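[1] Kindly generate the corresponding structure for this input.
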Amino acid sequence: MSGIDGVLDAAGFETMLGGCDLVITGEGRIDAQSLRGKVVFGVCRRAKKAGIPVCAVVGDALDDQLDGADERGLCAVFPINRRAVPFSEARLTAKDDLRYTVRNMLSFLKAFER
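    Predicted structure coming up:
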């Protein structure tokens, strides 16, 4: 069993999906390795079975390595690193960058409330 499957089973993930319209998950960096079973795509695999889309908030995204992500249930990726700087600098503003990204994402989603 993969690590993410063990965590999702222990947390009762499928039960928590009841009534959800969207799952928001995250990871430090999303890239080709992510497609092979890291957290985001473990969550996507389970949410897709329930017909629920997933978006990911990530520290860094290598979009050119994510071919096929949408077929796996990942509808959007929101990187928090707003400036092209090395990790040693980005980590100093990560908390504020995360807050900014999530605020923008939630404001965007609010536009679709009924």
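
[2] Check which helices and strands the longest helix along the chain sits against.
    Assignment by DSSP state H gives helix 94-110 as the longest helix of the chain. If you count contacts as 3 or more C-beta pairs under 8 Å, 6 or more residues apart in numbering; DSSP states H and E, helix 94-110 packs onto strand 54-61, strand 74-79. Using the backbone N, CA and C atoms, a C-beta is placed for each residue, glycine as well.

[3] right, so of the ones you listed, which gets closest to D31?
    Relative to D31, the nearest member of the helices and strands packed on helix 94-110 by C-beta to C-beta is strand 54-61, separated by 7.6 Å.

[4] List of residues touching that closest one?
    22-31, 40, 43-44, 47-48, 73-81, 90, 94, 98, 101-102, 105 (C-beta atoms under 8 Å, 6 or more residues apart in numbering).

[5] So which bits of that strand are buried?
    Going by neighbour count (16 or more other C-beta atoms under 10 Å), the buried part of strand 54-61 is 54-59, 61.

[6] Farthest-apart pair in the residues you listed, please.
    Of all pairs drawn from the buried residues of strand 54-61, the greatest distance, 17.1 Å, lies between V54 and G59 (C-beta to C-beta).

[7] Ends of stretch 59-70, what's the gap?
    When the termini of stretch 59-70 are compared using C-alpha to C-alpha, to the nearest Å, they are 19 Å apart.
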